[in-house]
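>>> I would like to see how this sequence folds:
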Amino acid sequence: MKTKAVPAMIMLTAGLIDCIFSIYCHLPLLRFTWQLLVVLLIFYVLGCVVQLVLDKNFAEMEQTDENQEESKEADGEEQQEAEDGQEASQENPKQDDAGV
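Numbers count the residues shown, from 1 in each chain. As a prediction, this is how the structure comes out:
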């Protein structure tokens with residue numbers, strides 16, 4: 001999964017919410033600017049943490065999916081070999097020794 005944009009999306013969403021709140025509260029420009037900078041930095045760091053967690057979990061999920069596919073393929077091959085062996089034994093039945 002592509003998670004490259006996650007930190008930016010989280011940061012920009014928090015910035016938008018902060019801008020709306022600051023406009024609603026009629027904050028002065030200097031305070032608004034510093035508050036926005038702090039909010040953007042904090043949520044960028046949080047976004048990076050979320051990205052790392054997502055990357056780690058999706059990598060584990062992909063490995064699990066690959067292992068399951070490999071085991072299904074191996075089971076399919078074993079079943080095919082067993083079916084082939086049964087077909088061969090039905091085509092050439094063993095002959096009993098009548099001369100003993």
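>>> centroid residue for this structure?
residue 58 (2.3 Å; C-alpha atoms, centre = their mean).
>>> dump the residue contacts of it.
1, 3 (C-beta atoms under 8 Å, 6 or more residues apart in numbering). C-beta here means a position set from N, CA and C on the backbone, and glycine is covered the same way.
>>> mind checking how far the closest residue to residue 22 other than its chain neighbours is from residue 39?
Of all residues not flanking residue 22 in the chain, residue 32 sits nearest, at 4.7 Å (C-beta to C-beta, 6 or more residues apart in numbering). From residue 32 across to residue 39, the span is 10 Å (C-beta to C-beta, to the nearest Å).
>>> quick one: which helix or strand includes residue 24?
Using DSSP states H and E, residue 24 sits within helix 6-25.
>>> give me the angle between the helix or strand that comes right after that helix and helix 6-25.
Counting by DSSP H and E, the element after helix 6-25 in chain order, helix or strand, is helix 29-91. In terms of direction (axes from the mean of the first three to the mean of the last three C-alpha atoms, to 10 degrees), helix 29-91 departs from helix 6-25 by 150 degrees.
>>> show the average pLDDT along helix 29-91.
For helix 29-91, mean pLDDT is 82.
>>> can you count the residues close to the residue nearest to residue 22?
17 (other C-beta atoms under 10 Å).
>>> ok, it touching residue 20?
No. Residue 32 sits out of contact with residue 20 when judged by C-beta atoms under 8 Å, with a separation of 11.5 Å.
>>> what's in contact with the helix holding residue 24?
Against helix 6-25 from outside (C-beta under 8 Å, 6+ apart): 32, 35-36, 39-40, 42-44, 46-48, 50-51, 54.
>>> let's see that with 7 Å instead.
Helix 6-25 has contacts (C-beta atoms under 7 Å, 6 or more residues apart in numbering) with 32, 35-36, 39-40, 43-44, 46-48, 50-51, 54.
>>> how about residue 26, phi and psi?
phi 60, psi 50 (degrees, to the nearest 10).
>>> count of neighbours near residue 55?
So residue 55, with other C-beta under 10 Å, has 14 neighbours.
>>> which residues touch it?
Residue 55 neighbours (C-beta under 7 Å, 6+ apart): residue 3.
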